[in-house]
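> I need the structure of the sequence given here:
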Amino acid sequence: MVYNVYFSATGRTRRVAETLAAAWGETVTAVDLSDPTGGETALAFAAGDLCLVTVPVYGGRVPRPAAERLRAFSGNGADAVLTAVYGGRAVDDCLLELEDLLTGAGFRCRAAIEAVAEHSIMPAYASGRPDAADRAELTGFAVRIKEGLGAGTLPETVAVPGKRPYAGTGGMPVHPKGNKACIRCGACAAACPVGAIPAADPTATDKEKCITCMRCVELCPAHARTFPAPLQKVITWAMKKQFAGARENKLYLK
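Below is the predicted model:
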């Protein structure tokens with residue numbers, strides 16, 4: 001069995017995950033780690049299964065709820081392909097953390113990918129990605145991984161970049177909230193993957209729970225959840241140097 005396991009708050013990471021999964025040309029079971037109900041949180045796999053595990057990079061780390069749900073998996077010797085999706089700054093220790101999580105859950109991590117996608121908070125960075133060229137390259141990566149698995153040429157544990165202890169914050173220190181345009185439809189509260197928006201007051205945000213995933217901003221029909229415009233400008237300006245230069249997708253097979 002092939003499983004497409006992903007955490008995707010705004011759809012950008014899901015598009016990368018689905019591009020990779022399509023290369024297998026067979027029935028693939030989707031497992032959405034960003035499902036606000038928790039989805040299937042205690043899945044058990046078997047030797048011979050393959051899990052394509054794709055997560056976005058949040059402050060250099062695996063998103064907290066994704067990490068929590070992956071810890072509940074039982075790999076039982078199944079193979080895993082790791083993908084970290086980032087918005088043009090850096091992957092930092094995300095791939096290493098993801099490998100540690102999956103190895104600890106009993107998976108064999110056979111290959112890894114860094115994929116570029118439009119930044120969810122600052123869409124001016126990596127704008128429009130993954131584009132057609134990205135999708136073609138990612139498909140090529142998936143084909144090479146599939147061939148390597150079939151030929152038995154991939155390592156038992158792929159080497160990925162990163163250091164322990166992990167650096168990074170795992171998130172952003174700012175959080176979106178509702179404004180006067182809020183129509184109190186509750187869509188944001190229902191969809192929040194960490195339950196950070198109270199249904200009784202959808203303009204509020206629980207800062208302790210919020211991971212700044214931007215799902216609420218993306219889906220709000222009234223465009224009522226956002227950062228104050230001055231703060232958005234400050235964040236974009238402050239991060240400009242860190243996003244300078246072109247970023248490429250990368251494949252790890254050794």
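> which stretch of helix or strand covers Ile113?
Under the criterion of DSSP states H and E, Ile113 resides in strand 108-116.
> go on, Val85?
Assigned by DSSP H and E, Val85 falls in strand 79-86.
> pull out the buried positions in the helix or strand that that strand is followed by.
Next helix or strand after strand 79-86 toward the C-terminus (DSSP H and E): helix 94-104. Residues 94-102 are the ones in helix 94-104 that count as buried (16 or more other Cβ atoms under 10 Å). Every residue, glycine included, has its C-beta placed from N, CA and C.
> between those, which is closest to Val160?
Leu95 (4.1 Å; Cβ to Cβ).
> how many residues are close by Ala17?
Residues near Ala17, counting by other Cβ atoms under 10 Å, number 26.
> and for the one 5 residues further on?
By other Cβ under 10 Å, the residues close to Ala22 number 14.
> from Gly186, how far off is the closest residue to Thr27 other than its chain neighbours?
In space, and not counting its chain neighbours, Thr27 is closest to Val2: 7.6 Å by Cβ to Cβ, 6 or more residues apart in numbering. To Gly186, Val2 is 36 Å away according to Cβ to Cβ, to the nearest Å.
> the more surrounded of the two?
Val2 (17 against 13).
> mind listing what the more buried one touches?
21, 24, 26-29, 49-52 (Cβ atoms under 8 Å, 6 or more residues apart in numbering).
> ok so, going back, now the buried residues of helix 94-104 as a markdown table including pLDDT?
Listed next are the buried residues of helix 94-104 as a markdown table, based on pLDDT from 0 to 100:
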| residue | pLDDT |
| --- | --- |
| Cys94 | 97 |
| Leu95 | 98 |
| Leu96 | 98 |
| Glu97 | 98 |
| Leu98 | 98 |
| Glu99 | 98 |
| Asp100 | 98 |
| Leu101 | 98 |
| Leu102 | 98 |
